[in-house]
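# Can you look at this prediction? I've put the sequence above it.
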Amino acid sequence: MSANPIDPLSVTPLALFAMYDLRLQCSNPESDAWCDDGEAHAIFLLDRFSDADWDALFAALDSRDSHWQHACAAMLFQAADVKRAIEVLTLLGKSADREVACCARESLGYLA
């Protein structure tokens, strides 16, 4: 039984992005724990983003490494805010890193 102890009403602005950011920095797609729980928790956080959290994600995209960008691109097609997910994936789809760009385009395909 997995619990998500975050009460979105008690979280300060940008706290959700900070937790999401840390979750992606520590992601390991080769790990069963990431695939079973880590990604689900990251999506849980993403789906509770405020406007400020989304703004922080957009602002952070260029400063994050390809590992982070790839993890972000791989899960954004599951985001509740499809409009913003498409905007982020479109930006990541133009990445100089071919793996990030390919993953972002693949995720965009799931939203079509």
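Sure, I can see it.
# Show me the residue sitting in the middle of this protein in space.
Nearest to the mean C-alpha position of the chain, by CA atoms, centre = their mean, lies Cys72 at 3.8 Å.
# Heading C-terminal from the one helix or strand in the chain whose mean pLDDT sits lowest, find the next helix or strand.
Ranked by mean pLDDT, DSSP states H and E, the weakest helix or strand in the chain is helix 32-33, scoring a mean of 56. Stepping forward along the backbone from helix 32-33, the first helix or strand reached (DSSP states H and E) is helix 39-46.
# Now that next one: average pLDDT?
This predicted structure assigns helix 39-46 an average pLDDT of 89.
# Name the nearest residue to the residue nearest to the centre of the chain, sequence neighbours excluded.
In this structure, Cys72 finds its nearest non-sequential neighbour in Leu24, 5.9 Å apart by CB to CB, 6 or more residues apart in numbering. Bear in mind the C-beta positions are built from the backbone N, C-alpha and C, glycine included.
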